[in-house]
Structures are given as C-alpha cells and as structure tokens.
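A.B. asks: generate a structure from the sequence data that follows.
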Amino acid sequence: MNELIGKRYNLCERLGNGNFGSVYKGKHYKNNTDVAIKFEDINSNIKLLRHETTILKYLYERDTRNIPAVSWFGIHNHYTCLAMTLYECSLYDYVIAKGNLSVSKIHSIIYQLVTILKSIHDNGVIHRDIKPQNIMVKAGELYLIDFGFSTIFIDEDGEHVPDDCSEHIIGSPKYVSYNIHTGSVSSRRDDLISLGYLYLFLHEKQLSWENIGYDTSIKDEYDETSIYHYKNILRQEMKQLSKISEFTSTSQDHNLKNYLKYVYNLKYEEAPNYSAILEIFYL
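C.D. replies: Sure, this is the predicted structure:
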C-alpha cells in the first residue's frame, strides 16, 4: 500500500481487527519509524479513539509510562485514526508461544502489571479491559494498551465517583471482575481482579468459565453485554471466589490464592495497598 496517512505514514499490512475498527502497521515516510495505526469509522455508533487519545495523553503528561505514546491523531478519509507505539506481540501470543511459564516468570509479569496499574490509578484512571490481549511485550518489558473503555474515577471535587447499578458489562466478559457481573460499576479493585484472572490464565492457560458448555441453541432475549445474558450468569457463578478456589486447589503458587482473596475483599472505593501486593511478587 502507498496510502499516506496524516501526511506522514505509509500504510503497511493489517495487524488485526477489533470490535470497533482495524489496526494497521504504518511507517513514517521520512525516518521509517514504525507505528500502529487504529482506524475507526467516523459513522460508527461507538466512538472510542478520541477518548483513548485523550486518556493516553493525560496519563503520559503525568509521567505514566509503559503505555502507548501517541504519535498522531486525526481524520483520514472516512476514518478517525490514532497512530501510536508499535509493539512486538501481545502477552497472550507470548504465553501461547512459550508454553508453561515458571512461577518466578509469572511473578515478574504480575509485578510489572501491578506497577503499571498503580501508576494509572494514582492518576485517577481505571482501565476496565485488563486481559492478556491488551498487554504488549517489547524488549522484555510489558505495556498496557487499549484505553478505549478507560475512565476517570475521581470527580471534579476530588471524590470517588459513586457506585451505581449497571446492567451492562464494559470490557471483555471473560475477564471483567465478579463485581461487574453483579451490577456494580468498575473501580480500582476491578482492574486488579481482572489482573487476578490474567494471573490464573498464566498458570492454567485457560479460565474455568471458558469451557462450561454454553448451549449455542439458546436464543437469549438479552444482549451479550447484559449481566442477565445466560453466558454472563454462568460466568458470574464460576467467578465466585469459592469456585475459583476449587479450581486453584492444586496450584503450587500460594500467592495466586492470596492475591485473589485480597482483591476480592477490597471495597468499592477502597485504595488498594499496592506496596503490599508488590511485596508478594518482589524477586
């Protein structure tokens, strides 16, 4: 392709498709710097890229690192575009390629991700879509991407936004926390609970609620983002701490159980003790 995006990037191969757009590799026409370029149809009912750009710039200005750096944002033809850091691969792809990871390697991964989440949370932002596909690997370091669903949890008076009943899931149903399935809205604890599911995935290569025999013949009256959709009702049941404890009963990593117990018991507005969590995984 020879299409110039934003008067600076040559469009290269497609890297993937998301729920709300496509991602391509781009190359600066002068210095050959590689970037990832997200495309979102300007007529899309759900618009995330402008919000994601705002959040990324906000965090970067406040010294949060290990997130994408925005190179360019604008309109190209009928698409809103965001050019940002290009990474080598996702944590999901890394884990699938590497196979079984040692406990020390898993602890190193969780330590890095808790550090990133602390920096984001300290700046009043929650991510709301923590999953291995949204963690990227580059030169041995981890980076958190996809801030389209992120939000500010501190209001203009410096107070935590109140918990509200929500019947719709924001994020990936497989990885959203148990609390979201019960109708709560996301707070810092829920990013950490989702990280707990990622922690479980690193050990088991699957989550117990992935293979529970969803009946595809069922015609549910609810949308799949609804907490009342039958799949999400089943996920809620399987994500109870008692159920997860059964699933992890054979794990040799006792920190996994301790981590999940701690984050599950956090209150909605409670500030997590990141230092205590990091101490668990300090190598």
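A.B. asks: which SSE is immediately downstream of whichever strand or helix holds residue 143?
C.D. replies: Residue 143 is located in strand 141-144, with elements delineated by DSSP states H and E. Later in the chain than strand 141-144, the nearest helix or strand by DSSP H and E is strand 151-152.
A.B. asks: could you work out the end-to-end span of stretch 262-274 for me?
C.D. replies: Taking CA to CA, to the nearest Å, stretch 262-274 runs 11 Å from one end to the other.
A.B. asks: list the buried residues of it.
C.D. replies: Within stretch 262-274, the residues that count as buried by 16 or more other CB atoms under 10 Å are 262, 263, 264, 266, 268, 272, 274. Glycine gets a C-beta too; all of them are placed from N, C-alpha and C.
A.B. asks: same question for stretch 30-37.
C.D. replies: 35, 36, 37.
A.B. asks: in CSV: those residues, plus distance to residue 114, secondary structure and pLDDT.
C.D. replies: Output for the buried residues of stretch 30-37, formatted as CSV (distance: CB to CB, whole Å; DSSP: H, G, I helix; E, B strand; the rest coil; pLDDT from 0 to 100):
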residue, distance to residue 114, secondary structure, pLDDT
35, 28, strand, 97
36, 25, strand, 96
37, 30, strand, 96
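A.B. asks: give me the element the residue of the chain positioned farthest from its centre is part of.
C.D. replies: Using CA atoms, centre = their mean, the residue of the chain lying farthest from its centre is residue 30. It sits 33.0 Å away. Assessed by DSSP H and E, residue 30 sits outside every helix and strand.
A.B. asks: right, and the helix or strand after the helix or strand of the chain with the lowest mean pLDDT?
C.D. replies: For the chain, counting by mean pLDDT, DSSP states H and E, helix 241-247 ranks last in confidence among helices and strands (a mean of 86). Remark: after helix 241-247, the chain's next helix or strand is helix 254-264, criterion DSSP H and E.
A.B. asks: can you tell me which helices and strands that next one packs against?
C.D. replies: helix 188-204, helix 241-247, helix 274-281 (3 or more CB pairs under 8 Å, 6 or more residues apart in numbering; DSSP states H and E).
A.B. asks: deepest-packed of those, please.
C.D. replies: Of those, the one with the most neighbours on average (mean count of other CB atoms under 10 Å) is helix 188-204, at a mean of 23.
A.B. asks: can I get the CA coordinates of that one in CSV?
C.D. replies: C-alpha atoms of helix 188-204 as CSV (Å, rounded to 0.1, in the frame of the first residue of the first chain):
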residue,chain,number,x,y,z
ARG,A,188,-9.6,0.1,41.1
ARG,A,189,-10.4,-3.2,42.7
ASP,A,190,-11.9,-4.5,39.5
ASP,A,191,-8.8,-3.8,37.4
LEU,A,192,-6.9,-5.8,40.0
ILE,A,193,-9.5,-8.6,40.0
SER,A,194,-9.2,-8.8,36.2
LEU,A,195,-5.5,-9.0,36.6
GLY,A,196,-6.1,-11.9,39.0
TYR,A,197,-7.9,-13.7,36.2
LEU,A,198,-4.9,-13.0,33.9
TYR,A,199,-2.7,-14.4,36.7
LEU,A,200,-4.8,-17.5,36.7
PHE,A,201,-4.6,-17.7,32.9
LEU,A,202,-0.8,-17.6,33.1
HIS,A,203,-0.8,-20.7,35.3
GLU,A,204,-3.6,-22.7,33.6
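A.B. asks: so for the very next helix or strand once past it, mean pLDDT?
C.D. replies: Where DSSP H and E defines the elements, the next helix or strand beyond helix 188-204 is helix 230-238. What helix 230-238 shows for mean pLDDT is 93.
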